[in-house]
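J.: Pasting the sequence and the predicted coordinates here, then a few questions.
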Amino acid sequence: MPKKIIIQPAKSPAAVGPYNHAVRVGDLLFCAGQIPIRPADGSLVAGDIKAQTEQVLENVKVILEDQNLTFANVLKSTVFLTDMANFADMNQVYAKYFTENFPARSTVQVAGLPKGASVEIEVVAHF
């Protein structure tokens, strides 16, 4: 069985619970859901869904880059929204990061997210 490697990028915001930013097993990287937390001070990005989605994807980007990966390596993403009415605006920002060879994706509405965030995104990538 492949070894489980814990990934905790120094440039990522601190985890808000008992989890790791990502775990690598073999050729797969499983990234924990990222919310719109600023790495510098751990504060939640204020503003609309576009601003929050931008920060979420920047946080995902830090994890991918730490492992020498890009958004092109992402196989699957899951988007959690507290209001599905924000789907189009989230999707507009999402499309700036995922520009080709799109991953499979699920988008679900949830009752709430940590720290009152409006969006959370998790990804699975391959090496």
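T.: Yes, it's here.
J.: Share the number of residues neighbouring the residue nearest to residue 94 when sequence neighbours are not counted, please.
T.: Excluding its sequence neighbours, the residue lying closest to residue 94 (Cβ to Cβ, 6 or more residues apart in numbering) is residue 53, at 6.5 Å. Placement of C-beta: from N, CA and C, glycine included. Residue 53 has 26 neighbouring residues, counting by other Cβ atoms under 10 Å.
J.: same question, residue 29
T.: Neighbours around residue 29, by other Cβ under 10 Å: 24.
J.: mind listing what it touches?
T.: By Cβ atoms under 8 Å, 6 or more residues apart in numbering, the residues touching residue 29 are 7, 22, 23, 63, 64, 67, 69, 73, 124, 125, 126, 127.
J.: Report the beta-bridge partner residues of it.
T.: Beta-bridge partners of residue 29, counted by DSSP bridges, are residue 24, residue 125.
J.: And the pLDDT for it?
T.: On pLDDT, residue 29 comes in at 98.
J.: pLDDT (mean, whole number) over the helix ranked longest in the chain?
T.: Longest helix in the chain by number of residues (criterion: DSSP state H): helix 49-66. Per-residue pLDDT over helix 49-66 has a mean of 98.
J.: Mind giving me the packing neighbours of it?
T.: Where contact means 3 or more Cβ pairs under 8 Å, 6 or more residues apart in numbering; DSSP states H and E, helix 49-66 is packed against strand 28-31, helix 87-97, strand 119-126.
J.: Can you tell me the strand partners of the helix or strand following it and which way each runs?
T.: Using DSSP states H and E, the helix or strand that follows helix 49-66 in sequence is strand 74-81. When pairs are called by DSSP bridges, strand 74-81 turns out to pair with strand 104-109 (parallel), strand 119-126 (antiparallel).
J.: For residue 40, find the nearest of these.
T.: Smallest distance to residue 40 across these (Cβ to Cβ): 19.6 Å, for strand 119-126.
J.: what angle separates that closest one from helix 49-66?
T.: 30 degrees (axes from the mean of the first three to the mean of the last three Cα atoms, to 10 degrees).
J.: Out of the strands paired with strand 74-81, which is the most enclosed?
T.: strand 119-126 (a mean of 22; mean count of other Cβ atoms under 10 Å).
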